[in-house]
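Undergrad: the following comprises the amino acid sequence and a computationally predicted model.
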Amino acid sequence: MATSPALLTYCNETLYASDLSLLEPGKWLNDKLISFYCEYLENTLSESATHHQRLVFINPDAVMMIKFLAGEDLKESLSPLNVAGADVVFFPINDSEDHSAVGGTHWSLLVWIRARQEFLLLDSHKGMNERASLAVVQKVVPLLNLPNTKVTVNAMETPQQVNGSDCGVYVLALCEYLATHTYEEYSKKLTLTPTQVAAKRTEIKNLLLTLAQDAQVKKPNSQE
């Protein structure tokens with residue numbers, strides 16, 4: 001079987017033409033697209049955030065590792081991410097029960113806010129990923145170096161998807177909204193329409209194509 005052509009390597013993630021095709025309407029976003037856009041947000045927003053929050057986006061592979069590792073193995077694996085030192089941490093949650101691959105059928109978002117000692121659950125299919133989210137919370141809390149390990153977990157009112165394919169796009173749109181707003185604004189009712197979700201697909205697709213084109217333009221210079 002022929003391998004799909006590589007489109008772009010961004011930080012640690014290589015994306016292929018087959019990944020790009022998943023940004024078409026009706027397609028389910030895979031872990032590579034989730035990882036790419038979260039990494040892009042972390043790189044572009046962390047330095048420009050007006051409220052000076054330290055933002056950390058945990059990629060789906062690392063979230064799966066949190067679900068299935070324990071004790072010192074988990075602590076050592078997460079140490080480079082410095083989750084304990086972050087102001088806000090974003091965890092894309094997948095409902096897969098297979099420790100060898102992300103897979104699954106649904107994406108949702110878990111957010112840790114250090115200043116409030118609070119986890120927020122945001123799910124575009126209300127309650128579907130609650131069990132998977134709470135499993136991650138249970139594993140992460142001991143690694144946060146909190147003076148008081150009592151934390152709150154709240155389900156945030158979240159716009160609901162109108163089909164079976166847009167959950168990943170909702171996660172990325174919600175990540176971007178929360179990363180560009182202050183803690184106080186998190187309590188406001190979120191609005192995200194199907195039209196905006198469709199536009200987000202196009203926006204990410206155009207971003208990928210632009211970055212790929214820029215990388216091709218720079219390539220000859222890097223070989224001089």
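TA: On my side now, so go ahead. Numbers count the residues shown, from 1 in each chain.

Undergrad: which residues of this protein fall in strands?
TA: Applying DSSP state E to the chain gives strands spanning 6-10, 13-16, 55-57, 88-94, 107-113, 118-122, 152-155.

Undergrad: which strands and helices sit next to the first one?
TA: Packed against strand 6-10, as judged by 3 or more C-beta pairs under 8 Å, 6 or more residues apart in numbering; DSSP states H and E, are the following elements: strand 13-16, helix 17-21, helix 31-45, helix 194-222. C-beta here means a position set from N, CA and C on the backbone, and glycine is covered the same way.

Undergrad: so what's Leu33 up against?
TA: Leu33 makes contacts with 15, 19, 22-23, 168, 204, as judged by C-beta atoms under 8 Å, 6 or more residues apart in numbering.

Undergrad: re the thing from before, so which of the strands of the chain gets nearest Thr191?
TA: strand 118-122 (13.1 Å; C-beta to C-beta).

Undergrad: outside of that closest one, which residues touch it?
TA: Contact with strand 118-122 is made by 108-113, 129-130, 133, 137, 151-156, 158, 171, 174, 186, 190, as judged by C-beta under 8 Å, 6+ apart.

Undergrad: and the contacts of Leu33, which is closest to Ile34?
TA: Gly168 (5.9 Å).

Undergrad: let's see the pLDDT reported for the residue nearest to that closest one when sequence neighbours are not counted.
TA: Distances taken as C-beta to C-beta, 6 or more residues apart in numbering place Leu29 nearest to Gly168, at 3.0 Å, with adjacent residues excluded. If you check Leu29, the pLDDT there is 97.

Undergrad: neighbours of Leu29, how many?
TA: Leu29 is flanked by 24 other residues according to other C-beta atoms under 10 Å.

Undergrad: was I right about it contacting Trp107?
TA: Yes. Leu29 is within contact range of Trp107, at 7.0 Å (criterion: C-beta atoms under 8 Å).

Undergrad: identify the contacts common to those two.
TA: Common neighbours of Leu29 and Trp107 (criterion: C-beta under 8 Å, 6+ apart): 167-168.

Undergrad: before we move on, the earlier item: and the furthest pair within the contacts of Leu33?
TA: So, the contacts of Leu33 by C-beta to C-beta: farthest apart are Leu15 and Gly168, at 14.2 Å.

Undergrad: neighbour count: these two, which is higher?
TA: When Leu15 and Gly168 are compared on other C-beta under 10 Å, the one with more neighbours turns out to be Gly168, at 27 against 22.

Undergrad: pretty sure the more buried one contacts Lys27?
TA: No. Counting by C-beta under 8 Å, Gly168 stays clear of Lys27, with 9.2 Å between them.

Undergrad: hang on, the earlier thing: would CSV of the strands of the chain with mean pLDDT and distance to Ala215 be doable?
TA: Below are these laid out as CSV (pLDDT from 0 to 100; distance: least, C-beta to C-beta, whole Å):
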stretch, mean pLDDT, distance to Ala215
strand 6-10, 93, 6
strand 13-16, 94, 11
strand 55-57, 93, 21
strand 88-94, 95, 25
strand 107-113, 96, 27
strand 118-122, 96, 32
strand 152-155, 95, 40
